[in-house]
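Novice: model the structure of this input:
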Amino acid sequence: MKTSLLFFSLVSLFLSLPEKGLSNNMPSAQVDTVYYIPGKIKQTARLFSDMDNVSSVVLYIPADSTVQILEPVKDYFLVHFQGVDGYILQKKVEHYGDILKEFNQPVSDRQVAQNQTDEHRYRQLVAKYGNGTGEKIYEHKIWKGMSNSMVLDSWGTPRTINHYTNANGIKEEWIYPKYILVFWDNRLTSWYKRK
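Specialist: Predicted coordinates for the structure are as follows:
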């Protein structure tokens, strides 16, 4: 157990280092390695950039989505969702009382729980895709030729998907907060930063 904790501590340290970029010199949006508690949204929730300003809605988080809860602040949670940080009302999250109790645990207990969650995700991805590919997906990287399901495992569900069909095949544009990913026939072919 100590060996696996040491391994995942080293992985966490590695993931917190600045990323040099993706293959093909394309930009990357990698999730920083920080402690969080996953939380499931009960009903559509507004993500605010400023919790004291109800008109600062950044995006709407659909019901049944999972967010990374970073910390409780007053009646809100600071969360990370699809590359964006912001505030949502605590009551929009399932079992928010239990989540508040978990944040009141000593930091070392929370870090152990996070390491176990990270270890479980890592093992699942390596079992599904193999060592090299599973590690890259675990690190939230993308590259040309990825399948739709690989991108979902790496970056999560996009905000919007636009579908186009023509003589060349099926094109999809997956809209994330900072990037648009382009797929042809279920394979990632390119991406670009949103303006």
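Novice: quick one, domains of the chain?
Specialist: 2-137, 143-193 (automatic domain parsing).
Novice: need the distance between the two termini of the last one.
Specialist: Meaning domain 143-193. Length of domain 143-193, first residue to last, CA to CA, to the nearest Å: 15 Å.
Novice: mind checking how far it is from the chain centre?
Specialist: 16 Å (CA atoms, centre = their mean, to the nearest Å).
Novice: now the residue sitting furthest away from the middle of the chain: how far from Arg187?
Specialist: Residue farthest from the centre of the chain, counting by CA atoms, centre = their mean, is Ala167 at 34.2 Å. Ala167 is 17 Å from Arg187, where distance means CB to CB, to the nearest Å. C-beta here means a position set from N, CA and C on the backbone, and glycine is covered the same way.
Novice: for Lys92, same thing?
Specialist: 36 Å.
Novice: my guess is Ser56 contacts Arg46. True?
Specialist: No: counting by CB atoms under 8 Å, Ser56 stays clear of Arg46, with 9.2 Å between them.
Novice: avg pLDDT for the helix or strand Phe77 falls within?
Specialist: Secondary structure assigned from DSSP states H and E places Phe77 in strand 76-81. The average of the pLDDT scores along strand 76-81 is 90.
Novice: helices and strands around the helix or strand following that strand, which ones?
Specialist: Following strand 76-81 in sequence order, the next helix or strand is strand 84-89 (DSSP H and E). Counting contacts by 3 or more CB pairs under 8 Å, 6 or more residues apart in numbering; DSSP states H and E, strand 84-89 is packed against strand 45-48, strand 57-61, strand 66-73, strand 76-81.
Novice: which stretch among the ones you listed comes nearest Lys195?
Specialist: Taking CB to CB, strand 57-61 is the member of those nearest to Lys195, at 16.3 Å.
Novice: strand partners of the closest one, parallel vs antiparallel please.
Specialist: strand 45-48 (antiparallel) (DSSP bridges).
Novice: for the strand it pairs with, output the C-alpha coordinates as CSV.
Specialist: The C-alpha trace of strand 45-48 is given here as CSV (Å, rounded to 0.1, in the frame of the first residue of the first chain):
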residue,chain,number,x,y,z
ALA,A,45,-27.0,24.1,-12.0
ARG,A,46,-25.7,27.6,-12.9
LEU,A,47,-21.9,28.0,-12.7
PHE,A,48,-21.1,31.5,-11.5
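Novice: now do the buried residues in it.
Specialist: Of all the residues in strand 45-48, those buried under the rule 16 or more other CB atoms under 10 Å are Ala45, Arg46, Leu47, Phe48.
Novice: what does that strand rub up against?
Specialist: Residues outside strand 45-48 that contact it (CB atoms under 8 Å, 6 or more residues apart in numbering): 54, 56-61, 76, 79, 81, 84, 86-89, 92-93.
Novice: what subset of those is buried?
Specialist: Burial by neighbour count, judged by 16+ other CB under 10 Å, picks out Val58, Leu59, Ile61, Tyr76, Val79, Phe81, Val84, Gly86, Tyr87, Ile88, Lys92, Val93 from the contacts of strand 45-48.
Novice: thanks again, I'm all set now.
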